[in-house]
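J.: Got a sequence here, can you model it:
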Amino acid sequence: MARLIERAGGIPHVSPSMREVPIAENRAAIDFANRLVTGQVDIVVFMTGVGVRHLVAETERHVHRERFLAALSDVTTIARGPKPVAVLKQFGLEPTVRVPEPNTWREVLATVDLCVPVAQQTVGLVEYGRANASLVAGLEARGARVETVRVYRWDLPEDVAPLSENVRAIAAGQRQVALFTSSHQVVNMLRVAEELGVADKARQSLHRMAIASIGPTTSETLRELDLPVDLEPEHNKMGQLVALAAERSREVLAKKQQTPVPGLVLPPRARVQHGAEARAAIVPPASEVAKPGVAADSLFLRACRQEPVERTPIWLMRQAGRYMSEYREVRRQTTFLELCKNPQLCAEVMLTAVDRLGVDAAIIFSDLLPILEPLGFELEFAEGEGPVIHNPLRAADDLARLRPLADVGSLEFVVETVRLTRAGLPAHIPVIGFAGAPFTLASYAIEGGASRQYLHTKGLMYRDPGAWHELMSTLARAVTIYLNAQIAAGAEAVQLFDSWVGTLGPEDYRRSVLPYTQAVIAGLTRGVPVIHFAAGNPALLPLVAEAGGDVLGIDWRVDLDTAWNLVGHDRAVQGNLDPAVLLADRDEIRRRAGEVLTQAAGRAGHIFNLGHGIHQQTPVENVIALIEIVREISSRSSKPS
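T.: The predicted structure is shown next:
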């Protein structure tokens, strides 16, 4: 491996070696197997593929193999990631639930919360080395009785001389790149550094080096031990790790040379953060995000915060679109998907719309679906048919081609659209970023396009909760990364569109949608308003409010005052004129807009909008008239409170 990197970039590396040591007479594993076959274990969690193999090997001399495997098939089994799944299949077993990437203990607990009630259940945790204390504590906090089963351990190599030599070289600043292929390598390297008395120097040197990690679990260990993670391949493959290190190490080192490493204040041992503390550590507050400023007292942002306003702010979903001649002229130059990938044209389209309409906020011009492309889906906008996914996901086996979103490099065109839109607007007009919510993205990915009944989507959701969880978790993480990147680029608010979730009833929403949407909103940059728009079924509104959002988007299928009562007056609302009203004459538009404003009753926190996007048949004059009407009526009769 060193020679490969030296050929590619001339930079030496270090990868601490270890040896796998089976536990010869593993009485704990044998006792566990006996309890399993006698019905005393309810759930088994397999953390690694080799752990599955060792457990079978270490118990089969004492417990009949077929009886043991039959007992495993009768209980709930949780496989952390693809490796234990693959080994279980070699034994003819299919896990009950699969934990999605990045396969840390947090994903295990999230999977348990969604799919596997563990209260008063005996859970066997098949681990390597010492069991993850956070995972054990999390399971016990949920009422489980946890039995940890250690089936093998990683130890130092019999000959530690090469490792010691490398550790000394790191401490002396003689190494530039380190490749770690497991979390145990990190721990054992620091263990040797402590024994050699060079731990502090080694840590400081590691901060100056380019550190490449094989995957999320190893990265998590590095970060918990206050060490950097500079590079991580898209897939946890050795070849990708080496290639990435060879390609990017010089760039990482150049940046680090420009930024001196400060003196490190190191805790005696790593500390795992949870809940709000963890979010505060990884999600920057809005004040720390580098972006052009918008006046904090803009009508729109004040309404988002439920502060008094002189009049009701208004913007419109799909306010730049086919109903405008200026947009149609741009569209004649390119396809829709090519337009979405052209930041200059996207910014031009939206800036033109804002200038012509006189709205109080500008949502970026883009689409919900480009985020699916880097996840592995083949997207096309077919003329006259709308979006088409040529490789829809229909079964658990299709998840093998699902690629988690590691960063927004493949979506940089959207980030640049935010920057250019922000740069082209007056300071008092906020920019709104947006993304599709996990359910709506999943429905496109599964159906292959728009649908009336969502039979494929519901079929997977009902038939395979584990596959559904993996898909939705992957989408939730991607959307969080995507929206935070838009915020960092200059978006002062973001909207989460759950356009198709109205096809579900409340119980399905609570079980199969709410946790994922809630995770997205909880992971977004603090201080930036989040508009949560879930269309189609007013019965979902209390649950939509539970999922989160500073502003709840309301569609036209329910009166605004009724909806506000349902979601609670402690948050703002947005909406909710039927878009079809804009096909009527000006008097009818005035009457219907007045009804919405009357239902809002001048209460602070109302943003006027349509209940969905503008129809392409809408006369642009009617849109301008609506904006003028809302300004006039709300300025004359609205009484901020």
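J.: for the nearest residue to Gln344 once chain neighbours are set aside, phi and psi?
T.: Of all residues beyond its chain neighbours, the one nearest Gln344 is Leu420 (6.5 Å), with distances taken as Cβ to Cβ, 6 or more residues apart in numbering. Every residue, glycine included, has its C-beta placed from N, CA and C. Leu420 adopts backbone torsions of phi -70, psi -40, taken as degrees, to the nearest 10.
J.: for stretch 85-97, what is the average pLDDT?
T.: The pLDDT scores in stretch 85-97 average 92.
J.: Let me know the pLDDT of the residue nearest to Gln344.
T.: The model's pLDDT for Leu420 equals 95.
J.: what separates it from Gly490, distance-wise?
T.: Separation of Leu420 from Gly490 (Cβ to Cβ, to the nearest Å) stands at 9 Å.
J.: same question, Val192
T.: 47 Å.
J.: Which of these two has more residues huddled nearby?
T.: Gly490 (24 against 19; other Cβ atoms under 10 Å).
J.: Spatially nearest residue to the more buried one, not counting backbone neighbours?
T.: Gly490 sits nearest to Arg422 (Cβ to Cβ, 6+ apart), 3.6 Å away.
J.: Which residue ranges of the stretch 51-200 of the chain form strands?
T.: 76-80, 97-99, 122-127, 145-150, 152-155, 177-180 (DSSP state E, counting those that start in this stretch).
J.: got TSV for those, with mean neighbour count and distance to Arg557 too?
T.: TSV is the format used below for those (neighbours: other Cβ atoms under 10 Å; distance: least, Cβ to Cβ, whole Å):
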stretch	mean neighbour count	distance to Arg557
strand 76-80	25	40
strand 97-99	26	36
strand 122-127	23	44
strand 145-150	19	47
strand 152-155	17	58
strand 177-180	25	53
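J.: To Val309, which of those strands lies closest?
T.: Relative to Val309, the nearest member of the strands of the stretch 51-200 of the chain by Cβ to Cβ is strand 97-99, separated by 46.4 Å.
J.: Direction included, what does the closest one pair against?
T.: strand 76-80 (parallel) (DSSP bridges).
J.: Which pLDDT value goes with the nearest residue in space to Ala144 that is not next to it in sequence?
T.: With Cβ to Cβ, 6+ apart as the criterion, Ala144 has its nearest non-adjacent residue at 4.0 Å, and that residue is Val118. Per-residue confidence (pLDDT) for Val118: 89.
J.: go on, the one 5 residues further on?
T.: Reading off the per-residue confidence, Val123 sits at a pLDDT of 95.
J.: how close does it sit to Val149?
T.: 11 Å.
J.: quick one: the strands in the stretch 301-450 of the chain?
T.: Going by DSSP E, counting those that start in this stretch, the stretch 301-450 of the chain shows strands at 362-363, 379-382, 386-389, 431-436.
J.: which of those strands is buried the deepest?
T.: Ranked by mean neighbour count, the strands of the stretch 301-450 of the chain are led by strand 362-363 with a mean of 26 (mean count of other Cβ atoms under 10 Å).
J.: and stretch 450-461, how far out from the chain's middle?
T.: 22 Å (Cα atoms, centre = their mean, to the nearest Å).
J.: Buried residues in that stretch, which are they?
T.: Ser451, Tyr454, His456, Thr457, Lys458, Leu460, Met461 (16 or more other Cβ atoms under 10 Å).
J.: Tell me the secondary structure at the most centrally placed residue in the chain.
T.: Closest residue to the average C-alpha location of the chain: Arg477 at 1.1 Å, with Cα atoms, centre = their mean. When classified by DSSP: H, G, I helix; E, B strand; the rest coil, Arg477 comes out as helix.
J.: Verify the contact between Leu55 and Gly124 for me.
T.: No. Counting by Cβ atoms under 8 Å, Leu55 stays clear of Gly124, with 9.3 Å between them.
J.: So for the two, which residues contact both of them?
T.: Val149 (Cβ atoms under 8 Å, 6 or more residues apart in numbering).
J.: All the helices of the stretch 151-300 of the chain, in order from the start?
T.: Assigned by DSSP state H, counting those that start in this stretch, the helices in the stretch 151-300 of the chain fall at 161-171, 183-196, 199-208, 216-224, 238-258, 275-282, 299-304.
J.: Show me which residues of the first one are buried.
T.: Read that as helix 161-171. For helix 161-171, by 16+ other Cβ under 10 Å, it's Leu163, Ser164, Asn166, Val167, Arg168, Ile170, Ala171.
J.: cool, and the fifth one?
T.: Within helix 238-258, the residues scored as buried using 16+ other Cβ under 10 Å are Leu241, Val242, Leu244, Ala245, Ala246, Arg248, Ser249, Val252, Leu253, Lys256.
J.: can you tell me which two in the residues you listed are farthest apart?
T.: Val242 and Lys256 (20.3 Å).
J.: For the chain, which element, helix or strand, carries the lowest mean pLDDT?
T.: helix 275-282 (a mean of 31; mean pLDDT, DSSP states H and E).
J.: The strands of the stretch 51-200 of the chain: which one's closest to Val388?
T.: Closest among the strands of the stretch 51-200 of the chain, using Cβ to Cβ: strand 97-99, at 28.1 Å.
J.: residue contacts, the closest residue in space to Leu339 that isn't next to it in sequence?
T.: Closest residue to Leu339 apart from its sequence neighbours, by Cβ to Cβ, 6+ apart: Leu345 at 5.6 Å. Counting by Cβ under 8 Å, 6+ apart, Leu345 touches Val330, Gln333, Thr334, Leu339.
J.: The third one touches Asn342, doesn't it?
T.: Yes. At 6.9 Å, Thr334 and Asn342 qualify as touching, with contact defined as Cβ under 8 Å.
J.: Which one's more surrounded, these two?
T.: Taking other Cβ under 10 Å, Thr334 and Asn342 do not tie; Asn342 has more neighbours (19 against 13).
J.: The more buried one: what's it in contact with?
T.: By Cβ under 8 Å, 6+ apart, the contact list for Asn342 reads Thr334, Phe413.
J.: can you give me phi and psi for it?
T.: Given degrees, to the nearest 10, the pair of backbone angles that Asn342 has is phi -110, psi 90.
J.: That one and Val349, how far apart?
T.: Going from Asn342 to Val349 by Cβ to Cβ gives 10 Å.
J.: Now the buried members of the contacts of Leu345.
T.: Val330, Leu339.
J.: So which of the contacts of Leu345 are in helices?
T.: Those of the contacts of Leu345 mapping onto helices are Val330, Leu339, per DSSP state H.
J.: By pLDDT, rank the contacts of Leu345 and give me the bottom one.
T.: Per-residue pLDDT puts Gln333 lowest of the contacts of Leu345, at 85.
J.: what's the neighbour count on the closest residue to Ser298 other than its chain neighbours?
T.: Using Cβ to Cβ, 6+ apart and skipping the chain neighbours, the partner closest in space to Ser298 is His428 (5.1 Å). Using other Cβ under 10 Å, the number of residues around His428 comes to 14.
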